[in-house]
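K.L.:
Could you look at this predicted model? Sequence included:
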Amino acid sequence: MNSAASPPSAAVPPSILPDPEAELPHPTGALADRDATRQAHEQTVGQRPGTLMVRPDALPPRLFLISYSESFFQEREYFDYPALRAFIQEHPELKHWFDVRGYNNLPLMQQIQEDFRIHPLMMEDVLNDYQRAKVEETEDGLFLVSRMTEFTAQLDIDDDQLSIFTGDNYILSFQDDYEDCLEAVRQRLRSGRSSILRRPPLYLAYALTDVVLDHYYPTMAAIGDYIEKLEERIFTGRSDRRLLNRILHIKKDIVRFRRLVYPEREKIAEILRLPEEVVPEDIKTYFKDCYDHAIQAMDLAESYRESVSSLVDLFLSDQSNRMNEVMKVLTIISSIFIPLSFVVGLYGMNFQREAPDGHINYLNMPELYSPWGYPVLLTILGLIVICQLIYFYRKGWLTNR
Amino acid sequence: MNSAASPPSAAVPPSILPDPEAELPHPTGALADRDATRQAHEQTVGQRPGTLMVRPDALPPRLFLISYSESFFQEREYFDYPALRAFIQEHPELKHWFDVRGYNNLPLMQQIQEDFRIHPLMMEDVLNDYQRAKVEETEDGLFLVSRMTEFTAQLDIDDDQLSIFTGDNYILSFQDDYEDCLEAVRQRLRSGRSSILRRPPLYLAYALTDVVLDHYYPTMAAIGDYIEKLEERIFTGRSDRRLLNRILHIKKDIVRFRRLVYPEREKIAEILRLPEEVVPEDIKTYFKDCYDHAIQAMDLAESYRESVSSLVDLFLSDQSNRMNEVMKVLTIISSIFIPLSFVVGLYGMNFQREAPDGHINYLNMPELYSPWGYPVLLTILGLIVICQLIYFYRKGWLTNR
Amino acid sequence: MNSAASPPSAAVPPSILPDPEAELPHPTGALADRDATRQAHEQTVGQRPGTLMVRPDALPPRLFLISYSESFFQEREYFDYPALRAFIQEHPELKHWFDVRGYNNLPLMQQIQEDFRIHPLMMEDVLNDYQRAKVEETEDGLFLVSRMTEFTAQLDIDDDQLSIFTGDNYILSFQDDYEDCLEAVRQRLRSGRSSILRRPPLYLAYALTDVVLDHYYPTMAAIGDYIEKLEERIFTGRSDRRLLNRILHIKKDIVRFRRLVYPEREKIAEILRLPEEVVPEDIKTYFKDCYDHAIQAMDLAESYRESVSSLVDLFLSDQSNRMNEVMKVLTIISSIFIPLSFVVGLYGMNFQREAPDGHINYLNMPELYSPWGYPVLLTILGLIVICQLIYFYRKGWLTNR
Amino acid sequence: MNSAASPPSAAVPPSILPDPEAELPHPTGALADRDATRQAHEQTVGQRPGTLMVRPDALPPRLFLISYSESFFQEREYFDYPALRAFIQEHPELKHWFDVRGYNNLPLMQQIQEDFRIHPLMMEDVLNDYQRAKVEETEDGLFLVSRMTEFTAQLDIDDDQLSIFTGDNYILSFQDDYEDCLEAVRQRLRSGRSSILRRPPLYLAYALTDVVLDHYYPTMAAIGDYIEKLEERIFTGRSDRRLLNRILHIKKDIVRFRRLVYPEREKIAEILRLPEEVVPEDIKTYFKDCYDHAIQAMDLAESYRESVSSLVDLFLSDQSNRMNEVMKVLTIISSIFIPLSFVVGLYGMNFQREAPDGHINYLNMPELYSPWGYPVLLTILGLIVICQLIYFYRKGWLTNR
Amino acid sequence: MNSAASPPSAAVPPSILPDPEAELPHPTGALADRDATRQAHEQTVGQRPGTLMVRPDALPPRLFLISYSESFFQEREYFDYPALRAFIQEHPELKHWFDVRGYNNLPLMQQIQEDFRIHPLMMEDVLNDYQRAKVEETEDGLFLVSRMTEFTAQLDIDDDQLSIFTGDNYILSFQDDYEDCLEAVRQRLRSGRSSILRRPPLYLAYALTDVVLDHYYPTMAAIGDYIEKLEERIFTGRSDRRLLNRILHIKKDIVRFRRLVYPEREKIAEILRLPEEVVPEDIKTYFKDCYDHAIQAMDLAESYRESVSSLVDLFLSDQSNRMNEVMKVLTIISSIFIPLSFVVGLYGMNFQREAPDGHINYLNMPELYSPWGYPVLLTILGLIVICQLIYFYRKGWLTNR
């Protein structure tokens, strides 16, 4: 069971986290939400609703089928959709998880839509994979949309859509990535001891929803670690102008994360409100547990948001502090040397002691003619410096801060 | 169908976006919402409710009629309203989309109002075209108000009102612009294969509402692109005082956009709450899809708003940084040269070695008489400079930041 | 009907708006809400509820009566209340609008209260004219409180209370000003063609409520214009310290305006929820229109609030900019001349070439004895200046910003 | 009745308000809410619920009884509780207001609790006098908690608890102060003409609640006056570092006031929702009036909060302005004299005109030998100064701001 | 009973509070919520729901049993679970509080789960002890989760989970700490006079919930004290860069505290909504008291949050003030000495009075040859200094601020 805890694609390994110590390149994502903008551009304006269209960069589909019952387990990749469909039809006594990864085959998608009696608008939601998490009732069961998240090395949150249709003896899932975070559930199925084998497909749908929710935590942990590193960096004094950019970036990520999780919570709350016939009470108990997790994820996002706001305050105060320090150096040096310069300038004046007529003007800078003039002056200059240093020390300007 | 994807009037072509690189003139729109102010001025105070008045700058009306059934399609501009009306009356078996563009003919407007049994207050809402999106029930069907948006080269959001009345076999739409964003729907009708042809006029009303919502995305995309350019500009260091003005302008636009979209969402939610007799369940399914789009548009606006707040933070921090840099230059140069000036001032003093009586004051600046005085002094000055440079280097003031 | 569009008392003529170009005196209103404070002081603590008291600065009452039916119209000022009352009693077939302007006659007020069976608490609300907009049911109809606003030359929002009681064949209105914003409605009545003549007095109450709401727009327009002028002033660089005060003043006004409009919206929403017997459905249709206007006014206030926040940001950034500019001048001049001063100080030193024994110290400042010393030095100084200017130019400190 | 308008303990006389002109000592209250902290410390952790405990600093109780009917009025202080109880029992035909001031006699309190059948938890709420305003139903009537406020000379809001129990023919009130703000109600009773005499005790409870609410206004007026003085002080330029502290203090007070008033509003709303049997409709009419007052107090607090936020903005901008001014003085003086110093330093150089061999280096500072050298130089220096002054004047740095 | 007031583990003794006077080490907790991050890491992703897992750092369980009735009391630690279970089964006439401290024995936990018929998901919540406060109904009674807080010397809020199951004649509590804050309740039981002995186990559950709530106050008091110290430190001018960090840390704590208390309030509100059969009315009365306490704790947290925001404002203003002070020193010294330096530089110029031809240039610096030149100059310099000092004094730059 433990093997499920760290599937290869699950958490962000700390090693690929951007190291704030290294000279990080400009974060690739802009503050404006690139994904959202991309979505906006791609959304074909004015197209007929329910028109199936596939993103040109989508992956070609791979078809996986897990068939199971309490006493049976089989996991296979099919390269031939009719064979897969035939297997499902021939084995109504088994429960099937038909897992479609990649969309880039429109006729196949339409075939699946037809075979599983999926409403065109729902199929459109599957292929146009920027939907918020939601749940809708279908003729055969439920249509669930979840968003799977990952924190990338470029300080961005990658999120993929997982669309699930449940039926009496099957669930049908769509995603546009060959790697996913559902491996843990497959491991539990393979182990042969999972209670999923005994329960209806809706319970598998719950298990998938739960594992998606569980994956929010590594994402948040990665963000939390990054916030800590940023905080440390401000305190070790190596904050630079790019730092604020990174802080604001992480803030954007957290806000985005919250916007991903919030509909997830709403979705589960709606599942809990569905009638007993659609979602039996004992499965609701499990979804209620999910609901607690979703609320905790929201709390965490809220907490990180506060932390990032504090980071911004710290950064700005630090920036102000640096200016203060610069000013102090300037002030100390100027305050010490400008008066001294005046004094030495004073004795650089050319007032003439001897009038042209040889008369001596004893009042004209007699100091210059005193035998002890220079040493006394140096002493006085030294005293001025010492007094000023004492003054600045008392003000605390000479100590670090 | 693809031709519908890029109707001439649809998205804001990037080329007409204000290029922040070019020396952009002062944005024409003020921070105070000009449209709103205009509205406030024009709103004739104390006029009888239901009084029809037309803005003097409204366009003269052009009348278009699209008549269709599953097997029929005809699109015509009429220059003669009675002929149009006659055609509608003579063909009750067809569905009609009567599209009025421009209001500037009060008697005609009153005639239409009478013929289509429109409540005076609703007609007033049509002509006084600053209404929020809303839906109201009429005797024959629904009265729907939508706002169509466009992002202009002057950083403003232009919005026009689209008013739709639905009836048993017609819809009647009003707008005050000859160009619109509904061309995509017309294309679908012209193609002859659209499901609109088979469905009731209410479905056409849905299609129009949907296309208006779809047009929010190019507006947002244009704003998103502009935000990215502003962000880039801050980082390339060419930020100037006008930049903040532009950032705040975009912020105003986003806030305004949100205020446009929010009632749109409310409108659709209200449609979904209408009884089955008014809006059948299968059409509600489509409006529910619209609702998801409206929520996504709100999310996007919210996200951009956050981005713009971050831009303001970045800008202000950058401004502070610049001052910091100015101070550093001042401090470095002053700190190096003011002490040096003191030293050279010191040796410019005129303390006399020889008393008038010929007695030599050996204590009065003997350095000046040393044969190595000058070279030693220059060396000392050089050392002072080197020490200071090392100090500043260690503080990181000599490197970029 | 157009004459109603610009009644003398309606909008704030732009000419009396404080000209931000002129040297505006200190705004008379403080940031703390004076009206509210006055209210707080005057509110007689611990007085018996329902005790009628009149503000000492209230105006003596003037009594106007408009009596009308579909075929009759009479408008008169009465100087004798019993005559007025007699006229109303003798003409139950007419509808009456009894308009009391000014309260400063307590016995008369009590007489009216008794004759029109007004609850003491309501009469107290009429005379203690700082009530929020509200609606209450009475035995005979409704008690409506509205607030009429005006934007004064001292940047303040003046608001007066309009209290309306409706009955079967009359409405009774109270206000403490001889001039009001209801003239437009009177004009419509006088014209003899108004639908008010045909409808019940409640419709007149609606018309009055509507005209009060319509007057919010000129107030907002005046504020909008003022915001634009403030924005312009920041950009033309004539912003001074008082400017922030004005900005914050306008902000206070907007917040206050919002607090005036919000209860107005609530009031209308409550009217819409009243049962059919109290407010018939066809009159509710008109109030619904009012509701839309109230929401628009709220939207506008919200929008101006955002604009003013942006103004504060602009002002503070501008203030920071000015400091930046001051620092730049200081830095440029200091950076250029301090090193030069050092160099010329250097050659002002008195190192002696000739030792007293006549020995020549060739190392002591030989430059001073070179025939080209001075011109070469001047050239070097010039080069230093040029290098620095190039450096500052590249930093962009010499151009405007 | 007017005598009730200014009871000695009612409003804060302006004279004891802290004069911001005088050198105010450090405000005694810290930003952290001292009262709340005190409460937290004193709350005995883990004590049995319903355990009666009295604060050690509470006052010893004084017992007042006002007995009244339409034809009877008697007001007495009893020093003997059994006598008082006997009087109440012997006169069931009278209505009694039993007013307990001070708690510091636990056995007496327990006796009263028993005699008036008070629930232990309610009695605990009476003695542990930091409750929020609330209403609870008891066996005999209502249990009402109000908070009485006063603005002290130390910029703090003092609030005391007034707990009222109503019964069929009595009300029982508790407070921990001999002076209170209820004197106005007593005066009305003493006058013999008050409608309280004719109505049930619940109406007296209303009258007390109302007078407490009325006392919020002088508190707010005192805060409003103080805000005005602070604003004035910023503008007369005598703002110092303590000023921000005072502003933030007042802000804390306002926030605290809002937290006091909000439950008061909730309390009255709950009274309005109580069934007819508990609170008759005609008394609800009066409580509804109270509700309006509570909302107005909330509005006022909200308004002051905004004003204080504006004060903080003004203060910070002013602080920035002062720095700006300091910088300007530095810049002007430095910019003028540093170049001049360079020029005079230039002519202090010792370039030798005469080579030791008697050869004249005509290029070495010929200016020094020109007969007009000095006057020409002085003129040039003067011109430099004039040019700079003109430059600074144009920048507006020489005028005040 | 008083002994319960200060159980050893209850409040944070002031002596262990971080003394802001001492040189406090860097707070160990980062701004990012460490606990939350830890939780996120430990939450085993994809594990089967209901799987019991124990944190490796959990304590081994200790089993305590308090058995009581009105006439019986026994308190024992059992080292043998079966014996304990047997005792409970053999004494159905007694009420039992079975208190499990520490989880680190999975088989034992599973045994307890089975014996007390605990739902696997609830048992998982017990062991995975990062749950929000909540209440759930079980077959036998209620499942209550509370969070116990403590403020540590490292400025962190430590919180532990208390999970309670109630049954007909027992309550079962779990916590992962041998020390707890429930000692006060045990003391009341031991005293033999507590009403808990007479009432059903649910009342004991209430008493435990109440004591947990009561412990929020010392936590808040500790935070309040710390805020006061921070405020004082800003005013005594010893604020340094670390100070902001501490302020933001306390802010984080307060926010976290609020997030702990909020679900507690929700939990109690839900208990109050449970049907009479589950929670009898007389026990609800006590929970209602709890509810008031929870609201007060929220209010307090809200109030502290405001205080901390004010502290941040104060800190930043203070930082700005310091820079202002630095600038003033620089400006005063520069403004005084730079002009003086110019003047003395002037008289250091070498303009020649005697032309080489012996001609006297009387215009070349005649001052230098005047017998009173030097004294007059010194006087003039002194006057300049005096004038400037007067100017600066008037500006208020010489006084403290």
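P.N.:
Nice, thanks for sending it over.
K.L.:
count of neighbours near residue A:286?
P.N.:
20 (other C-beta atoms under 10 Å in any protein chain shown). C-beta here means a position set from N, CA and C on the backbone, and glycine is covered the same way.
K.L.:
Return the distance of it relative to residue E:337.
P.N.:
Distance of residue A:286 to residue E:337, given as C-beta to C-beta, to the nearest Å: 80 Å.
K.L.:
One more: residue A:98?
P.N.:
87 Å.
K.L.:
Then residue A:314?
P.N.:
With C-beta to C-beta as the criterion, residue A:314 and residue E:337 are 38 Å apart.
K.L.:
list the contacts for the residue in the stretch 201-350 of chain A positioned nearest to chain D?
P.N.:
Closest contact between the stretch 201-350 of chain A and chain D, by C-beta to the nearest C-beta, is at residue A:348 (6.8 Å). Going by C-beta atoms under 8 Å, 6 or more residues apart in numbering or on different chains, residue A:348 touches B:345, B:348-350, C:348, D:348, E:344-345, E:348.
K.L.:
doesn't it fall inside a strand?
P.N.:
No. Under DSSP: H, G, I helix; E, B strand; the rest coil, residue A:348 falls outside any strand and is assigned coil.
K.L.:
State the pLDDT value of the residue of the stretch 51-200 of chain A found nearest chain E.
P.N.:
Distances between the stretch 51-200 of chain A and chain E by C-beta to the nearest C-beta are smallest at residue A:184, namely 2.4 Å. We note a pLDDT of 85 for residue A:184 in this prediction.
K.L.:
what do you get for the one 10 residues further on?
P.N.:
According to the per-residue confidence, residue A:194 scores 82 in pLDDT.
K.L.:
Residue A:184 is in contact with that one, correct?
P.N.:
No. Between residue A:194 and residue A:184 there is no contact under C-beta atoms under 8 Å: 10.7 Å.
K.L.:
For the residue of the stretch 51-200 of chain A closest to chain E, grab phi and psi.
P.N.:
phi -60, psi -40 (degrees, to the nearest 10).
K.L.:
again, but for residue A:118
P.N.:
Residue torsions, per degrees, to the nearest 10, at residue A:118 are phi -90, psi 140.
K.L.:
list the contacts for it?
P.N.:
A:112, A:126, A:138, A:143, A:165.
K.L.:
now do residue A:167
P.N.:
By C-beta under 8 Å, 6+ apart, the neighbours of residue A:167 are A:116, A:140-141, A:201.
K.L.:
quick one, phi psi at it?
P.N.:
Torsion angles, degrees, to the nearest 10, at residue A:167: phi -140, psi -170.
K.L.:
hang on, the earlier thing: list the ones among the contacts of residue A:167 that fall in helices.
P.N.:
residue A:201 (DSSP state H).
K.L.:
Got a ChimeraX select line for the buried ones in the contacts of residue A:167?
P.N.:
Burial among the contacts of residue A:167 is assessed by 16 or more other C-beta atoms under 10 Å in any protein chain shown; the matching ChimeraX selection reads:
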select /A:116,140,141,201
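K.L.:
which one of the contacts of residue A:167 sits closest to chain B?
P.N.:
Distances from chain B to the contacts of residue A:167, taken by C-beta to the nearest C-beta, are shortest for residue A:140, at 16.4 Å.
K.L.:
any idea how far chain D is from the closest one?
P.N.:
47 Å (C-beta to the nearest C-beta, to the nearest Å).
K.L.:
and if you look at residue A:58?
P.N.:
Counting by C-beta to the nearest C-beta - residue A:58 and chain D are separated by 51 Å.
K.L.:
which SSE is that residue in?
P.N.:
Under the criterion of DSSP states H and E, residue A:58 resides outside all helices and strands.
K.L.:
hang on, isn't it packed against residue A:176?
P.N.:
Yes. Counting by C-beta under 8 Å, residue A:58 does reach residue A:176; the two are 5.5 Å apart.
K.L.:
Common neighbours of those two, please.
P.N.:
With C-beta under 8 Å, 6+ apart, residue A:58 and residue A:176 have common neighbours A:102-103.
K.L.:
one step back: quick check, nearest of the contacts of residue A:118 to chain D?
P.N.:
residue A:143 (42.5 Å).
K.L.:
Doesn't the closest one belong to a strand?
P.N.:
Yes. Counting by three-state DSSP, one finds residue A:143 located in a strand.
K.L.:
who's in contact with it?
P.N.:
So residue A:143 contacts A:118, A:122, A:125, A:135-137, A:163-165 (C-beta under 8 Å, 6+ apart).
K.L.:
Is the nearest residue to it once chain neighbours are set aside in a helix, a strand, or coil?
P.N.:
Spatial nearest neighbour of residue A:143, excluding adjacent residues (C-beta to C-beta, 6 or more residues apart in numbering or on different chains): residue A:136 at 4.5 Å. Secondary structure state of residue A:136, per three-state DSSP, is strand.
K.L.:
Surely residue A:136 is in contact with residue A:142?
P.N.:
Yes. The criterion here is C-beta under 8 Å, and residue A:136 meets it with residue A:142 at 7.2 Å.
K.L.:
What subset of the contacts of residue A:143 is buried?
P.N.:
For those, buried by 16+ other C-beta under 10 Å: A:118, A:122, A:125, A:135-136, A:163-165.
K.L.:
circling back to that earlier point, and the residue of the stretch 51-200 of chain A closest to chain E, how many residues sit next to it?
P.N.:
Counted with other C-beta under 10 Å, residue A:184 comes out at 26.
K.L.:
Please tell me how far it sits from residue E:171.
P.N.:
Relative to residue E:171, and taking C-beta to C-beta, residue A:184 is found at 36 Å.
K.L.:
Also residue A:213?
P.N.:
Taken as C-beta to C-beta, the span from residue A:213 to residue E:171 is 32 Å.
K.L.:
Also residue A:195?
P.N.:
Taken as C-beta to C-beta, the span from residue A:195 to residue E:171 is 30 Å.
K.L.:
What of residue A:209?
P.N.:
For residue A:209 relative to residue E:171 (C-beta to C-beta), the value is 34 Å.
K.L.:
cool, and residue A:312?
P.N.:
Relative to residue E:171, and taking C-beta to C-beta, residue A:312 is found at 47 Å.
K.L.:
Tell me which of these two has more neighbours.
P.N.:
The neighbour comparison of residue A:312 against residue E:171 (other C-beta under 10 Å) goes to residue E:171, with 25 against 16.
K.L.:
show me the contacts for that one.
P.N.:
E:96-98, E:164-165, E:201-202, E:204-205, E:208.
K.L.:
Those: which two are farthest apart?
P.N.:
Distances among these were taken as C-beta to C-beta; the most separated pair is E:98 and E:202, at 15.0 Å.
K.L.:
and the next element down the chain from the helix or strand where residue A:300 lies?
P.N.:
Assigned by DSSP H and E, residue A:300 falls within helix A:281-346. Using DSSP H and E, the next helix or strand after helix A:281-346 towards the C-terminus is helix A:373-395.
K.L.:
quick one, which of residue A:58 and residue A:176 is more surrounded?
P.N.:
Between residue A:58 and residue A:176, residue A:176 has the larger neighbour count (other C-beta under 10 Å), namely 23 against 16.
K.L.:
and the more buried one, what is it in contact with?
P.N.:
Contacts of residue A:176 (C-beta under 8 Å, 6+ apart): A:55, A:58-59, A:101-103, A:129, A:160-161.
K.L.:
What's the PyMOL line that selects buried ones from the residues you listed?
P.N.:
Buried members of the contacts of residue A:176, defined by 16+ other C-beta under 10 Å, are picked up in PyMOL with:
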select buried, chain A and resi 58+101+102+103+129+160+161
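K.L.:
Switch the contacts of residue A:176 over to JSON lines; also include secondary structure, distance to residue D:388 and pLDDT.
P.N.:
Shown next, in JSON lines, are the contacts of residue A:176 (DSSP: H, G, I helix; E, B strand; the rest coil; distance: C-beta to C-beta, whole Å; pLDDT from 0 to 100):
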{"residue": "A:55", "secondary structure": "coil", "distance to residue D:388": "65", "pLDDT": "79"}
{"residue": "A:58", "secondary structure": "coil", "distance to residue D:388": "69", "pLDDT": "84"}
{"residue": "A:59", "secondary structure": "coil", "distance to residue D:388": "70", "pLDDT": "88"}
{"residue": "A:101", "secondary structure": "strand", "distance to residue D:388": "75", "pLDDT": "93"}
{"residue": "A:102", "secondary structure": "coil", "distance to residue D:388": "73", "pLDDT": "90"}
{"residue": "A:103", "secondary structure": "coil", "distance to residue D:388": "72", "pLDDT": "88"}
{"residue": "A:129", "secondary structure": "coil", "distance to residue D:388": "67", "pLDDT": "78"}
{"residue": "A:160", "secondary structure": "strand", "distance to residue D:388": "66", "pLDDT": "88"}
{"residue": "A:161", "secondary structure": "strand", "distance to residue D:388": "67", "pLDDT": "90"}
